[in-house]
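Enquirer: when you get a sec, could you give me coordinates for this:
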Amino acid sequence: QVQLVESGGGLVQAGGSLRLSCAASGRTFSRHVMGWFRQAPGKEREFIAGINWGGGRTDYANSVKGRFTISRDNAKNTVYLQMNSLKPEDTAVYYCAADGNGPYISRSYSDYDYWGQGTQVTVSS
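Expert: Numbering: from 1, shown residues only. Reported below is the predicted structural model:
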């Protein structure tokens, strides 16, 4: 069982930065692929970034590649999402998720077993 709690969301102007954190409980965090998803009003939940067990492999949606960076610290049971050059279209609720079926990074939300409650990111123009 893994419990996830996101933090770091907020209101930022276009071009600004935010760093999201996702703290996980449970002894098996390091054996979970971690992903970040987002959901804007009226839209489906979309994959934006994923990281494998050891952090040596990452995957990004084209919409955020080059602007967002996912990382993890297994000693702290935490995964991060550094978001730079934010745009108004990045406005959404951001969720972290854990996939215990790894080791490959999946872009499908149905492959993730555990989810955080979400944190709101709002980018003003």
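
Enquirer: list the contacts of residue 66.
Expert: Listed by CB atoms under 8 Å, 6 or more residues apart in numbering, residue 66 has no contact partners. C-betas here are computed from N, CA, C, even on glycine.

Enquirer: would it count as being in a strand?
Expert: No: Residue 66: not assigned to a strand; according to DSSP: H, G, I helix; E, B strand; the rest coil it is coil.

Enquirer: quickly note the distance from it to residue 38.
Expert: Distance from residue 66 to residue 38, counting by CB to CB, to the nearest Å: 17 Å.

Enquirer: residue 95 now?
Expert: As judged by CB to CB, residue 95 and residue 38 stand 7 Å apart.

Enquirer: residue 116 now?
Expert: Taking CB to CB, one finds residue 116 at 12 Å from residue 38.

Enquirer: so what's in contact with these two at the same time?
Expert: Counting by CB under 8 Å, 6+ apart, the common neighbours of residue 116 and residue 38 are residue 95.

Enquirer: which stretches of this protein have low pLDDT?
Expert: Within the chain, not a single segment meets pLDDT under 70.

Enquirer: run a quick neighbour tally on the residue lying closest to residue 30 once chain neighbours are set aside.
Expert: The shortest distance from residue 30 to any non-neighbouring residue, by CB to CB, 6 or more residues apart in numbering, is to residue 74 (4.2 Å). Residue 74 has 16 neighbouring residues, counting by other CB atoms under 10 Å.
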